[in-house]
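Novice: Here is the input, now give the coordinates:
(chains A and B)
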Amino acid sequence: MPKVKVARKSTAIDMTAMCDVAFLLLTFFILTAKPRVEDPVPVDVPGSVKEIPIPDDNLAVITVGSGKAFFSVEGNDVRRQVLQQMGEKYGQQFTPEEYARFEVLPVFGVPIGNLKQFLNMDAEQRKGYQQPGIPRDSVSDELFNWIRESRIAAKALHNQELRVSIKGDSKEEYPVVKDVVAILQRQKVNKFSLITTLRGASK
Amino acid sequence: MAELDTSGGGGKKGGKVRSKKASTRVDLTAMVDLAFLLITFFMLTTTLSKPKAMDIAMPDKDEKQEQQLDVAASRTMTLLLGKDDKLMWYIGEPGKSAPEVEGYGKTGLRQTLLDKSKEVQEKTGKYMFVIIKPSDRSVYKNMVDALDEIAITNIQSYGIVDISPVEVDLLKKENLY
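Specialist: Now for the predicted structure:
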């Protein structure tokens, strides 16, 4: 009897389909991922059980940490508009290049007088630069006006009421938060959000 | 698992000598490995770093006193947030009932809120009103924690109000300011 030969099968699997799927998913996640905004001061967000996700657009965030306030607003068009309005208000002229730089600036905390200088720094210099925070006093009223102008810009460009949220550090003393809340209330923003993480995740 | 497919063109016998057809198949294993590693990375980073928000509404400052809803003192609970993650609470008007010192969390504030809201509900037949008064010595986390406990215990009406000097004195007495 002749031996029955078992046909030798290759152990290699066709990976093409798997590869296709993998890269499809990869592309999806890369495109939907947002670069994490580096906070200029360490901010440890307190935990909470509330699970309302914050929206991606139409949002202004006031970051509070180390006794300083920082401001950021979503949307490149809104940012450009805000800078223009603030420039007019405080008599500052910005070049087109500075507008372009401000458009991609995620978060900042410098008085408007130093903004020009801050915009002209490169990434390395900015990292080393200690941002003094946006002045909250009622004389220059800068934080008040940043929020106000952003709300006007968001209303004009997107016809939406801007959502304001406060991102505070856990260990931040309450008076600083109280200042920010008072600034919001002065312009009749009585409803705002506090940014939190899921309880337990922060510890 | 490197694989070269050399079976192609095996059927022809004799004839011309043909140059061996090189397979067009590439080993995709390493590529798939890398792709899945990156997918895992992006998946974990995107879902975990999503911050959550807590909506709060502050009372309108310009509102006239007469327009405000009068809430009976007997069903008002006031939380005074002091330093060192401690708080003080009392029911009714300041100074009339002895305040108690408590910590945040499951056994402290949450239990008190649950007990008291039940008590007030039974006594007056109406819901309890909670006023949070953070002092200048408290930190931001304390306020969020207090709001959080209120959300957990399902108390519908609450407010954040500035602290008064009388209440600061109360905190001072207990060494919480």
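Novice: Tell me which residues touch residue B:43, please.
Specialist: Residue B:43 is in contact with residue A:29, counting by Cβ atoms under 8 Å, 6 or more residues apart in numbering or on different chains. Placement of C-beta: from N, CA and C, glycine included.
Novice: quick one: average pLDDT of the helix or strand containing it?
Specialist: In this assignment (DSSP states H and E), residue B:43 forms part of helix B:29-48. Mean per-residue pLDDT for helix B:29-48: 83.
Novice: so what's residue A:69 bridging to?
Specialist: Per DSSP bridges, the residues bridged to residue A:69 are residue A:64.
Novice: ok, is the helix or strand bottoming out on mean pLDDT in chain A in contact with chain B or not?
Specialist: Sorting the helices and strands of chain A by mean pLDDT, DSSP states H and E puts strand A:52-53 at the bottom, at a mean of 77. Yes: Strand A:52-53 is in contact with chain B by Cβ under 8 Å from any Cβ of the partner chain, via A:52, A:53.
Novice: Now do that strand: which elements does it pack against?
Specialist: Strand A:52-53 makes packing contacts with strand B:52-57 when contacts are defined by 3 or more Cβ pairs under 8 Å, 6 or more residues apart in numbering or on different chains; DSSP states H and E.
Novice: can you give me the mean pLDDT across the strand it packs on?
Specialist: pLDDT averaged over strand B:52-57 gives 78.
Novice: Which pLDDT value belongs to residue 67?
Specialist: Assuming you mean chain A. Residue A:67 carries a pLDDT value of 83.
Novice: that's the wrong chain, I meant chain B
Specialist: 51.
Novice: Same question for the one 4 residues further on.
Specialist: The predicted local confidence for residue B:71 comes out at a pLDDT of 66.
Novice: do residue B:89 as well
Specialist: Value for residue B:89, per-residue pLDDT: 83.
Novice: The one 5 residues further on now?
Specialist: In this prediction, residue B:94 carries a pLDDT score of 67.
Novice: on that earlier part again, given the least confident helix or strand of chain A, what are its sheet partners and their directions?
Specialist: strand B:52-57 (antiparallel).
Novice: how about the partner strand: buried residues?
Specialist: The neighbour-count check on strand B:52-57 (16 or more other Cβ atoms under 10 Å in any protein chain shown) flags B:52, B:53, B:54, B:56 as buried.
Novice: Now do the contacts for residue A:139.
Specialist: Per Cβ under 8 Å, 6+ apart, neighbours of residue A:139: none.
Novice: check which helix or strand covers it.
Specialist: Counting by DSSP H and E, residue A:139 is found in no helix or strand.
Novice: Return the distance of it relative to residue A:165.
Specialist: 26 Å (Cβ to Cβ, to the nearest Å).
Novice: Same check on residue A:180?
Specialist: For residue A:180, the distance to residue A:165 - Cβ to Cβ - is 11 Å.
Novice: what's the overlap in contacts for the two?
Specialist: residue A:62.
Novice: Under the pLDDT cut-off, which ranges of chain A? List them.
Specialist: Chain A contains residues with pLDDT under 70 at A:1, A:35-37, A:199-203.
Novice: Now do the SS call for the spatially closest residue to residue A:102 that is not a sequence neighbour.
Specialist: Closest residue to residue A:102 apart from its sequence neighbours, by Cβ to Cβ, 6 or more residues apart in numbering or on different chains: residue A:83 at 4.9 Å. Secondary structure, DSSP: H, G, I helix; E, B strand; the rest coil: residue A:83 is helix.
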